[in-house]
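**Student:** Everything below, folded, please.
(chains A and B)
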Number of protein chains: 2
Amino acid sequence: MEVIESVGGMQEVALGMRRQGLCIGLVPTMGFLHQGHMSLVQRARSECDRVIMSIFVNPLQFGPQEDFAAYPRNMERDLALAREAGVDYVFTPTGASMYPEGFSTCVEVGGAMTEKMCARSRPGHFRGVTTVVMKLFQIAGPDRAYFGQKDAQQALVIRKMAADLNLPLEIVTCPIVREADGLALSSRNVYLSPAERETALDLPRSLEVGRELVLKGERRAEQVRSAILGHLSASGAIRVDYVVACNGQTLDDVAELQGPVLLAAAVWVGKTRLIDNIYLEV
Amino acid sequence: MEVIESVGGMQEVALGMRRQGLCIGLVPTMGFLHQGHMSLVQRARSECDRVIMSIFVNPLQFGPQEDFAAYPRNMERDLALAREAGVDYVFTPTGASMYPEGFSTCVEVGGAMTEKMCARSRPGHFRGVTTVVMKLFQIAGPDRAYFGQKDAQQALVIRKMAADLNLPLEIVTCPIVREADGLALSSRNVYLSPAERETALDLPRSLEVGRELVLKGERRAEQVRSAILGHLSASGAIRVDYVVACNGQTLDDVAELQGPVLLAAAVWVGKTRLIDNIYLEV
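**Tutor:** Residues are numbered from 1 along each chain as shown, chains lettered A, B, ... in the order given. Alright, predicted model coming up:
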């Protein structure tokens, strides 16, 4: 496994692999790796000749009041995990090399998809995500890029960017990986105290309540949403950011649930913001 | 020479060429070709294994009051010229295939470079340019892309986009091609009546006045700008949009001309908007 810090160096290696006709898989991460990330690597490993993992805590996607400085980092452990998982190249650029002085370009997906859910409480977040992902795509030149379904809105926004801009690559979305008790893996789980960790379980449980309602035949989006919200609100220790039961491809609000459906929620547990979702075909 | 209308078809051909290790040159145009365009093809022909020319009048870069519908088109003649010049592939997408329903992504270079000069009278223009150029880059996968210096601001904005987003390609800017009497070639020159064609000569002449002043040692930007403006204003038939004497790489205003210098102007002659510029190393 090779660790490459330089943008130009990574780009040169990727261009060389493309010239050799090798299929490149890219797993973009912000590090502090967990089994969710590693499931992306496994998928990439099984589908591509070479796997590049990027580790970059992207300042552009954090708001001024958010946890950029505090975001957990552990490069040594990350590199060991990446090596163990069979990553070929880890790309670890510096902030200054990704955003040199005078940097002033952005890639933005407009429309409803970037105006609701996480966009409301994180203005500019998705613009930061699409901009850095576009840069990573240009640097690493992947044939396939792997994202986790846990960030459902992010995965859809990136998919839309790729379609609208004709990016010559495939976006692969991989299932959420959960702890045995149901909590979705997240680098931010490390922020949780033992009591908060227990409280946080109401997030996946509330979504399960929604899923069961749908499986029992409920099709009214508002009823399903209310049930999820009701479960979350029952816990005095959780502050709800949003709950949606919407179209799972466009994120459009719907009255009746049919076809692809996304049940998603974001909550605050103490100072930690957690998101989770369930995707259903109805 | 092959003419390809389908986005997917063009992308497949380009990916195939890349896999073969062929160097691809892209000449993006809006058609109605003249010797300016052909000089880009010649340069591409001399530096690349394969030359792709795109012909697409991009609606996204025209304002609602602008000449999108009236913009001159002559595909038959364009294809003959392209074939004669040794273009390998002409990419002629439809508007509907480039911007399908629900298209909502943009690429935007921010900052002073896209707030002055042509941006003032053409809001959204450069966003339309960078978005379509990004799409063309993703579709045609060029190693080098060729742009004319006549659109000096456009060339700099595209260069900035390519640098900021780490595009794995080289932007090549080629010199302005002029008529014998000095008028810069432009597809829009066809709009000019014989009398307007004569009036239009004051545009290159005014810039020459500016150049001569600089060559004689004048370094005060405002003096040079005033001289150009004075020459243009002397013609009652010209309406000045802007005149600048600025840094030729950043487009920043400067008090003293040194290093790369751009003398540029945009004017209205009747209903036709014309631009021209002179680049100098001081």
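
**Student:** C-alpha only now, for contacts and for neighbours.
**Tutor:** Noted.

**Student:** in what helix or strand does A:Q153 lie?
**Tutor:** Per DSSP states H and E: A:Q153 is located in helix A:152-164.

**Student:** ok, that helix near chain B or not?
**Tutor:** Yes. Shown here: helix A:152-164 in contact with chain B (Cα under 8 Å from any Cα of the partner chain) through A:K160, A:M161, A:D164.

**Student:** What subset of these is buried?
**Tutor:** Neighbour counting over these (16 or more other Cα atoms under 10 Å in any protein chain shown) leaves A:K160, A:M161, A:D164 as the buried ones.

**Student:** Chain A against chain B: which residues are in contact?
**Tutor:** Applying the criterion Cα under 8 Å from any Cα, the portion of chain A that neighbours chain B consists of A:11, A:18-21, A:99, A:103-111, A:131, A:134-135, A:138-139, A:160-161, A:164-168.

**Student:** Which ones among these lie within helices?
**Tutor:** A:Q11, A:R18, A:R19, A:T131, A:M134, A:K135, A:Q138, A:I139, A:K160, A:M161, A:D164 (DSSP state H).

**Student:** where does the closest residue to the first one other than its chain neighbours land on pLDDT?
**Tutor:** Using Cα to Cα, 6 or more residues apart in numbering or on different chains and skipping residues adjacent in sequence, the residue nearest A:Q11 is A:I139, 4.7 Å away. The confidence metric pLDDT takes the value 98 at A:I139.

**Student:** Over to the one 4 residues further on?
**Tutor:** Residue-level confidence at A:D143 comes out at 98, pLDDT.

**Student:** List phi and psi for the closest residue to it other than its chain neighbours.
**Tutor:** With Cα to Cα, 6+ apart as the measure, A:L169 is the residue that lies nearest to A:D143, at 4.6 Å, once sequence neighbours are left out. For A:L169, the backbone dihedrals (degrees, to the nearest 10) come out as phi -160, psi 170.

**Student:** Contacts only, for A:L169.
**Tutor:** A:L169 makes contact with A:P142, A:D143, A:R144, A:A145, A:A162 under the criterion Cα atoms under 8 Å, 6 or more residues apart in numbering or on different chains.

**Student:** distance of it from B:L257?
**Tutor:** As judged by Cα to Cα, to the nearest Å, A:L169 and B:L257 stand 45 Å apart.

**Student:** now A:C118
**Tutor:** Computed as Cα to Cα, the A:C118 to B:L257 distance reads 48 Å.

**Student:** Between the two, which is the more surrounded one?
**Tutor:** Neighbours around A:C118 and B:L257, counted as other Cα atoms under 10 Å in any protein chain shown, are more numerous at B:L257. The numbers are 24 against 20.

**Student:** For A:S54, what are phi and psi?
**Tutor:** Per degrees, to the nearest 10, the residue geometry at A:S54, taken as phi and psi, is phi -100, psi 140.

**Student:** Oops, could you answer that again for A:I278 instead?
**Tutor:** Reported as degrees, to the nearest 10, the phi and psi values for A:I278 are phi -130, psi 130.

**Student:** For it, list each beta-bridge partner.
**Tutor:** In this structure, A:I278 has beta-bridge partners A:L263, where bridges are defined by DSSP bridges.

**Student:** That one: neighbouring residues, count only.
**Tutor:** Going by other Cα under 10 Å, the residues that sit close to A:I278 add up to 21.

**Student:** list the contacts for it?
**Tutor:** When the contact criterion is Cα under 8 Å, 6+ apart, the partners of A:I278 are A:L207, A:E208, A:R211, A:L262, A:L263, A:A264.

**Student:** Farthest pair within those residues?
**Tutor:** A:E208 and A:L262 (12.1 Å; Cα to Cα).

**Student:** Can you tell me what sits against stretch A:181-193?
**Tutor:** Counting by Cα under 8 Å, 6+ apart, the neighbours of stretch A:181-193 from elsewhere in the structure are A:32-36, A:71-72, A:150, A:176-179, A:197, A:200-201, A:203-205, A:269, A:272-274, A:276.

**Student:** Please work out the average pLDDT along that stretch.
**Tutor:** Per-residue pLDDT values across stretch A:181-193 average out to 97.

**Student:** residues of that stretch that come out buried?
**Tutor:** Using 16+ other Cα under 10 Å as the burial criterion, the residues of stretch A:181-193 that qualify are A:L183, A:A184, A:L185, A:S186, A:S187, A:N189, A:Y191, A:L192.

**Student:** One more: stretch A:191-210?
**Tutor:** Of the residues in stretch A:191-210, those buried by neighbour count under the rule 16+ other Cα under 10 Å are A:191-192, A:196, A:199-200, A:202-210.
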